[in-house]
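J.: sequence? don't have it. structure:
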């Protein structure tokens, strides 16, 4: 199993210059060969891949015009080519858009080193250490705020510079995969929403921290930045203030998401977790809801939940995108199409008379979905009466007869 530990590093002035060269050179190589691939395809009508790019890169480094590429670690440049190849493969698999050129300023900059990485901890102060990589033989100071794996083997390290001019090292460790057997038969349903970010099938609700006050500050800082002359010192100060505020919002959301996902997998005692397979890309086309949807960070929540659940032996099931979890009555299975209106937060089933909270009812129906899969049924047909579910009254599911 691979685990990534992200630590903040504190380079010296000379090391910052070396890091800037690595960021710039790897970005140049990525953009150069993206343009190279575009030209070759347009002129010769054939694709190009990593092996061809790597051979051309070797020839470039031997020329006088591009001899400055030898100033940085050669493997960092090769990893940039591998990133470009992966971007093209994701595009051909229709998993991402066409690769774009990387920007030079004011964006997140990275480069990756695949080997010859050493991490040492200070004996007098175990919270600090040094990381040694090629071209940085003097070592870069690093703050170790987390305990390192005992038997972990370092596989690679990614160096990051944020828009707020902070430096980080994301180190990937290969650790022994501890098999966790979860014998629980309980199923937990999770409904994602805007008013309440997370709603559980047991009725618990979690809401994203209120970030409205930061939105007002963002508008004010954007206006202040627009009044400055681009490239001036005052413009850089205003840009840095804005970047720090964006970073603070991201940190608040990530902290909340990590805590919630940890509680869900450690305290729920469930064997399976059923979530919605949301079409987020299509949902944000609604411009009235797009901003609110982005603020909820549903995709990030699902990413954290999946890998943390895997560590605890919990299976995460994504329900069919067209499963009517919000419209279906969790008591009798009646489908009320009037609930498609998002303004309907509570409704009463006209058949069995059960009163439902919209989000809690959806989470309970996700439990129904997981139950149908566990008993060998494929929930592709949505019927008001399901005899297989009616045969298990101890799970709180009943159906209408007659």
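T.: Great, that's in hand. What you see is a predicted model; the values in this text were computed from it and never measured.
J.: Compute the first-to-last residue distance for stretch 349-362.
T.: With C-alpha to C-alpha, to the nearest Å as the measure, stretch 349-362 spans 13 Å from end to end.
J.: Residue 129 touches residue 122, doesn't it?
T.: Yes. Residue 129 sits in contact with residue 122 when judged by C-beta atoms under 8 Å, with a separation of 5.7 Å. Heads up, the C-betas are built off the backbone N, CA and C, glycines and all.
J.: Comparing those two, which shows the higher neighbour count?
T.: Using other C-beta atoms under 10 Å as the criterion, residue 129 and residue 122 rank with residue 129 on top: 19 against 12.
J.: can you pull the contacts of the closest residue to that one other than its chain neighbours?
T.: Nearest in space to residue 129, with sequence neighbours left out and distances taken as C-beta to C-beta, 6 or more residues apart in numbering, is residue 121 at 4.3 Å. Counting by C-beta atoms under 8 Å, 6 or more residues apart in numbering, residue 121 touches 128-129, 144, 148.
J.: of these, closest to residue 316?
T.: Of all those, residue 148 has the smallest distance to residue 316: 27.7 Å, by C-beta to C-beta.
J.: count of residues packed around the closest one?
T.: Taking other C-beta under 10 Å as the criterion, the count of residues near residue 148 is 15.
J.: Show me what the closest residue to it other than its chain neighbours is bridged to.
T.: Closest residue to residue 148 in three dimensions, ignoring its sequence neighbours and counting by C-beta to C-beta, 6+ apart: residue 5, at 6.9 Å. Beta-bridge partners recorded for residue 5 (DSSP bridges): residue 171.
J.: ok, now how distant is residue 5 from residue 27?
T.: The span separating residue 5 from residue 27 equals 25 Å under the rule C-beta to C-beta, to the nearest Å.
J.: Likewise for residue 181?
T.: Taken as C-beta to C-beta, the span from residue 181 to residue 27 is 46 Å.
J.: try residue 114
T.: Distance from residue 114 to residue 27, counting by C-beta to C-beta: 18 Å.
J.: swap in residue 145?
T.: Distance of residue 145 to residue 27, given as C-beta to C-beta: 29 Å.
J.: Likewise for residue 86?
T.: When C-beta to C-beta is the yardstick, residue 86 and residue 27 sit 16 Å from each other.
J.: Neighbour count for the two, which is higher?
T.: When residue 86 and residue 27 are compared on other C-beta under 10 Å, the one with more neighbours turns out to be residue 27, at 19 against 13.
J.: In terms of helix, strand or coil, where does the more buried one fall?
T.: Residue 27 carries the three-state label helix when classified by DSSP: H, G, I helix; E, B strand; the rest coil.
J.: same deal with the one 5 residues further on?
T.: Following three-state DSSP, we place residue 32 in the helix state.
J.: Tell me where the model's unsure across the stretch 101-250 of the chain.
T.: Counting by pLDDT under 70, the ranges of the stretch 101-250 of the chain that qualify are 106, 178-179.
J.: Okay, now the unreliable bits of the stretch 251-400 of the chain?
T.: Going by pLDDT under 70, which is the cut-off in play, the stretch 251-400 of the chain has low-confidence ranges at 376-400.
J.: That one: strands as residue ranges?
T.: Secondary structure of the stretch 251-400 of the chain, counting by DSSP state E, counting those that start in this stretch: strands at 272-276, 315-319, 346-348, 355-357.
J.: Tell me which of those strands sits most buried.
T.: Using mean count of other C-beta atoms under 10 Å, the stretch among the strands of the stretch 251-400 of the chain with the greatest mean number of neighbours is strand 272-276 (a mean of 24).
J.: Parallel or antiparallel, which strands does that one pair with?
T.: Using DSSP bridges, the strands paired with strand 272-276 in its sheet are strand 187-192 (parallel), strand 315-319 (parallel).
J.: so can I have a markdown table of the ones you listed showing distance to residue 260?
T.: A markdown table is the format used below for the strands paired with strand 272-276 (distance: least, C-beta to C-beta, whole Å):
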| stretch | distance to residue 260 |
| --- | --- |
| strand 187-192 | 10 |
| strand 315-319 | 15 |
